[in-house]
Each structure stands twice: as C-alpha cells, then as structure tokens.
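Enquirer: My questions concern the predicted model and sequence given below.
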Amino acid sequence: ETGVTQSPTHLIKTRGQQVTLRCSSQSGHNTVSWYQQALGQGPQFIFQYYREEENGRGNFPPRFSGLQFPNYSSELNVNALELDDSALYLCASTFRTSGRNEQFFGPGTRLTVL
Amino acid sequence: SQKIEQNSEALNIQEGKTATLTCNYTNYSPAYLQWYRQDPGRGPVFLLLIRENEKEKRKERLKVTFDTTLKQSLFHITASQPADSATYLCALDMSPSSNTGKLIFGQGTTLQVKP
C-alpha cells in the first residue's frame, strides 16, 4: 500500500454537473499531482500543488480546478462535466526536494459521466 | 513536445521466460526515467528509476536500461511468473533538467505471463 487514499472509489454523474474528488496524501508529502487516465491509456497530468499553491498545469481547461490543504489532503473539482471526462482520476503525492523522485499513487476514483 | 511510445500494447510470454518491454521518447533526453506497474482498477506502483548517467539498474528480477542516444529504455523481467501479469508504464519528467514531479506517461504495455 502506498499510504495514499482517494474517495469515492466510483462515481456516476450526468453532463453539466459538478464533481469533487478527494485525496489524502502520505503524511509529510508536500506535493500532490492529479492525473486523468482514460481506458487503455497512460495517466495524463492535470495539475500539481506544492505547499497549497498550484504549481503547473497540463493541457486541461479551467473547469478543472484543485485545492491542497495543510493536513496533506487535496481536492480535484470538475465543473460542467462532459462525456469525455469519464476516466480514472488518480492523485499522486511525493515529498519534493527529498531527492527521491517516485510518485505514490492512490487507487483512483472511477468517474462515469452519462 | 515530449512524447513517449511503448512499443507493444500487449505482450504474452510463457512462465520462466524473460519479458522485455520497450519505451521510446521523441524529444529531449530526461534527467531520469521511471517504470511503474499498474494492476486493473488500481493506481500505478513505482518500480524503478534510472538516471541519465546510468546505463543499467537492477532490482531483484527487474532490470532497466537507458540509452540516451537511441532515446530508449528497455525493461526486463527475468524468470517471469504469472503474478507479474499487469500493465507496465514508463514515465519521464516534463522538465528535461530538473525534478518537477510532473510526469508524462506512455500508454502502457499489458504483460500476460502464462503458466
């Protein structure tokens, strides 16, 4: 186990709705990244938070937003859901500047948009 | 922009054989490259990291090579077992020279080891 948890495990929403996904990082990990993984594809970087500030974003529109909290938890919010948003959403945490580069991934949230 | 291609979508081998998975990238040579294992319905799990100045890295039955001239990494599993069946992902940092932790992933290779 990586010590990273995500909730909920599964979620079904309809087009146009909003969703909040949650992640709890390993204690002490000051960096969290969110990824979207479509079926049969590798994870795609959405954005990263470092010490509660956004620290880089991938090719995702502003309706994808996030927050990171002092207690090592974070959120991914998606507004105006589209069918193509159906995917596995992964969060990954690490302790930046530790010299170790591996990411610790959570089990993911499977989002289905109908 | 950087692109990663993992040459096989699926690889089927017999138990006991060596599995070899390929990862090619197109643009800058990264400071390091990582390999992850992902089981169905689970998040990726870190396996190995190899730096640009390392030609080869080993961990138990796993071996990774890194050829910056060919822009390629090879991932080997020796004496493969059915429990090695999973999807293997290679990943590199979005920055060519620093550790940002923002990863670009290949599409993955699904390995099936038959008893």
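Expert: Cool, the structure landed.
Enquirer: All the strands of chain B, residue numbers only.
Expert: B:4-6, B:10-14, B:19-25, B:32-38, B:45-51, B:56-59, B:62-67, B:72-77, B:86-93, B:103-105, B:109-114 (DSSP state E).
Enquirer: Mind putting those into CSV with mean pLDDT, distance to residue A:83 and mean neighbour count?
Expert: From N, CA and C alone the C-beta is placed, and that goes for glycine too. As requested, those are exported to CSV (pLDDT from 0 to 100; distance: least, CB to CB, whole Å; neighbours: other CB atoms under 10 Å in any protein chain shown):
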stretch, mean pLDDT, distance to residue A:83, mean neighbour count
strand B:4-6, 92, 26, 20
strand B:10-14, 94, 27, 13
strand B:19-25, 95, 31, 20
strand B:32-38, 93, 24, 22
strand B:45-51, 92, 30, 17
strand B:56-59, 94, 41, 13
strand B:62-67, 95, 38, 18
strand B:72-77, 96, 34, 20
strand B:86-93, 94, 24, 24
strand B:103-105, 94, 23, 23
strand B:109-114, 96, 25, 18
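Enquirer: What score does residue A:98 have for pLDDT?
Expert: According to the predicted model, the pLDDT of residue A:98 comes to 55.
Enquirer: burial count for residue A:4?
Expert: Residues within reach of residue A:4, counting by other CB atoms under 10 Å in any protein chain shown, total 23.
Enquirer: Adding distance to residue A:73 as columns, could you present the strands of chain B in CSV?
Expert: Putting those into CSV (distance: least, CB to CB, whole Å) gives the following:
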stretch, distance to residue A:73
strand B:4-6, 30
strand B:10-14, 37
strand B:19-25, 33
strand B:32-38, 23
strand B:45-51, 21
strand B:56-59, 31
strand B:62-67, 33
strand B:72-77, 33
strand B:86-93, 24
strand B:103-105, 21
strand B:109-114, 32
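Enquirer: can you redo those as CSV with distance to chain A?
Expert: As requested, the strands of chain B are exported to CSV (distance: least, CB to the nearest CB, whole Å):
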stretch, distance to chain A
strand B:4-6, 8
strand B:10-14, 11
strand B:19-25, 11
strand B:32-38, 6
strand B:45-51, 4
strand B:56-59, 12
strand B:62-67, 13
strand B:72-77, 14
strand B:86-93, 5
strand B:103-105, 3
strand B:109-114, 9
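Enquirer: Of these, which is nearest residue A:27?
Expert: Nearest of the strands of chain B to residue A:27, taken as CB to CB: strand B:45-51 at 18.0 Å.
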